[in-house]
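*Asks:* Quick check, what structure comes out for this input:
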Amino acid sequence: MTLVLFVLGTLGVLVLSARDLGAAVRENFTFTLVLDEDIPEAELRTLLKAQQLASYAKSAELVTKEQAAAHLQEDLGEDFVSFLGYNPLSNTIDINLRAEIVAVGDLDVLKKELIAQDYIIDVLYDRDLVGLVNDNIEKITYLLFAAALLLLMVALALINSSIRLTIYSKRFLLKTMQLVGATSGFIRRPYLINSLLLGILSTILSVALLLLSGWAFNQYFPAFALLITRETFLMVSLLLLILGLIVPGVSTAIAIRRYLKLRTNELYY
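*Replies:* Now for the predicted structure:
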């Protein structure tokens with residue numbers, strides 16, 4: 001049970017971390033607002049503040065034409081402003097959109113709304129790249145969820161089979177207790193308690209293995225390990241605990257009930 005829960009926990013961490021990674025990738029896209037050169041300073045500050053508070057924006061930063069020129073000069077390795085005699089660049093506001101806005105994919109509507117505002121002359125973003133990333137994230141998410149569902153079914157089958165074999169080996173003892181007058185609840189209680197204790201112990205061991213694996217993985221891939229948040233780990237641990245309690249308990253109760261309903265001569269088949 002420990003190994004099964006450990007594998008399930010590993011895949012659970014990957015699924016939840018993939019969701020966080022997808023959100024981080026989407027929020028890394030830059031939505032650039034190109035501003036009119038004649039925008040007054042007060043209007044510029046007001047527009048920047050409005051974009052920072054907008055429901056679709058995770059963050060917004062003003063990049064002045066001087067800052068843009070300095071960055072471009074650094075990339076080109078030459079002073080193009082002196083060569084041209086003027087700075088051809090414009091003030092811009094770089095917006096990092098929220099992940100759910102990028103996930104929708106219909107950013108042209110937002111672009112039209114922004115261009116309709118005063119002092120915004122254009123909106124720049126890579127439409128093809130956004131579409132490609134959204135498609136890939138969606139495919140990876142579906143693949144991970146399918147794998148998680150398949151592995152969950154296999155895990156349930158393995159745990160259930162192991163418990164049924166354990167109860168099968170004690171079927172004569174169960175029937176003997178029933179024949180001497182023990183009630184079903186009395187017979188079932190110690191086995192249920194044992195299953196719950198084993199489930200808790202298996203969960204603790206599987207979580208410990210996850211922690212050890214996470215620590216070892218962090219030694220080689222520290223950047224990727226940062227995506228595994230404490231909330232993700234706690235959520236996976238809670239799900240493993242629920243699974244480790246419910247599945248053994250239910251399987252034990254069903255298996256005992258089945259053998260208690262059989263006649264004595266049927267226990268030999």
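
*Asks:* So the residue lying farthest from the centre of the chain versus Y259, what's the distance?
*Replies:* Most distant residue from the mean C-alpha position of the chain: V180, 53.4 Å away (CA atoms, centre = their mean). Distance from V180 to Y259, counting by CB to CB, to the nearest Å: 16 Å. C-beta here means a position set from N, CA and C on the backbone, and glycine is covered the same way.

*Asks:* same question, L201
*Replies:* 25 Å.

*Asks:* Of those two, which one has the most company?
*Replies:* Y259 (20 against 13; other CB atoms under 10 Å).

*Asks:* Check which helices and strands the host helix or strand of the more buried one sits against.
*Replies:* Taking DSSP states H and E as the definition, Y259 sits inside helix 230-261. The contact analysis (3 or more CB pairs under 8 Å, 6 or more residues apart in numbering; DSSP states H and E) places helix 230-261 against helix 2-26, helix 127-168, helix 171-179, helix 184-220.

*Asks:* For T30, what are phi and psi?
*Replies:* Main-chain dihedrals, T30, degrees, to the nearest 10: phi -100, psi 130.

*Asks:* Surely it touches N96?
*Replies:* Yes. Using CB atoms under 8 Å, T30 is in contact with N96, at 6.6 Å.

*Asks:* Those two: which has the busier surroundings?
*Replies:* N96 (17 against 13).

*Asks:* Please give the element, helix or strand, for the more buried one.
*Replies:* Assigned by DSSP H and E, N96 falls in strand 92-97.

*Asks:* Which parts of this structure belong to which domain?
*Replies:* 2-21+133-268, 30-124 (automatic domain parsing).

*Asks:* Let's have those domains in TSV, adding mean pLDDT.
*Replies:* Listed next are these as TSV, based on pLDDT from 0 to 100:
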stretch	mean pLDDT
domain 2-21+133-268	81
domain 30-124	79
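
*Asks:* can you list the helices and strands packed on helix 230-261 in a markdown table and add distance to V104?
*Replies:* Formatted as a markdown table, the helices and strands packed on helix 230-261 follow (distance: least, CB to CB, whole Å):
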| stretch | distance to V104 |
| --- | --- |
| helix 2-26 | 10 |
| helix 127-168 | 9 |
| helix 171-179 | 57 |
| helix 184-220 | 33 |
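
*Asks:* Please identify the deepest-packed of these.
*Replies:* Of all the helices and strands packed on helix 230-261, helix 2-26 has the most neighbours on average by mean count of other CB atoms under 10 Å, namely a mean of 19.

*Asks:* what's the angle between it and helix 127-168?
*Replies:* 170 degrees (axes from the mean of the first three to the mean of the last three CA atoms, to 10 degrees).

*Asks:* packing partners for helix 2-26?
*Replies:* Here helix 2-26 touches helix 99-104, helix 127-168, helix 184-220, helix 230-261, going by 3+ CB pairs under 8 Å, 6+ apart.

*Asks:* same thing but at 10 Å, please
*Replies:* helix 99-104, helix 127-168, helix 184-220, helix 222-225, helix 230-261 (3 or more CB pairs under 10 Å, 6 or more residues apart in numbering; DSSP states H and E).

*Asks:* Columns distance to R26 on top of those, output as a markdown table?
*Replies:* Converted to a markdown table, the helices and strands packed on helix 2-26 look like this (distance: least, CB to CB, whole Å):
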| stretch | distance to R26 |
| --- | --- |
| helix 99-104 | 4 |
| helix 127-168 | 7 |
| helix 184-220 | 24 |
| helix 222-225 | 18 |
| helix 230-261 | 18 |
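
*Asks:* Which of those sits closest to F6?
*Replies:* F6 sits nearest to helix 184-220 of all those, at 4.2 Å, using CB to CB.

*Asks:* Report the angle between that closest one and helix 171-179.
*Replies:* 140 degrees.

*Asks:* re earlier: what touches both of T30 and N96?
*Replies:* Here T30 and N96 share the contacting residues E61, scored by CB atoms under 10 Å, 6 or more residues apart in numbering.

*Asks:* so what's the closest residue to L245 other than its chain neighbours up against?
*Replies:* Nearest non-adjacent residue to L245, counting by CB to CB, 6 or more residues apart in numbering: G199, 4.8 Å away. Contacts of G199 were listed using CB under 10 Å, 6+ apart, and they are 1, 5, 159, 240-249, 252.
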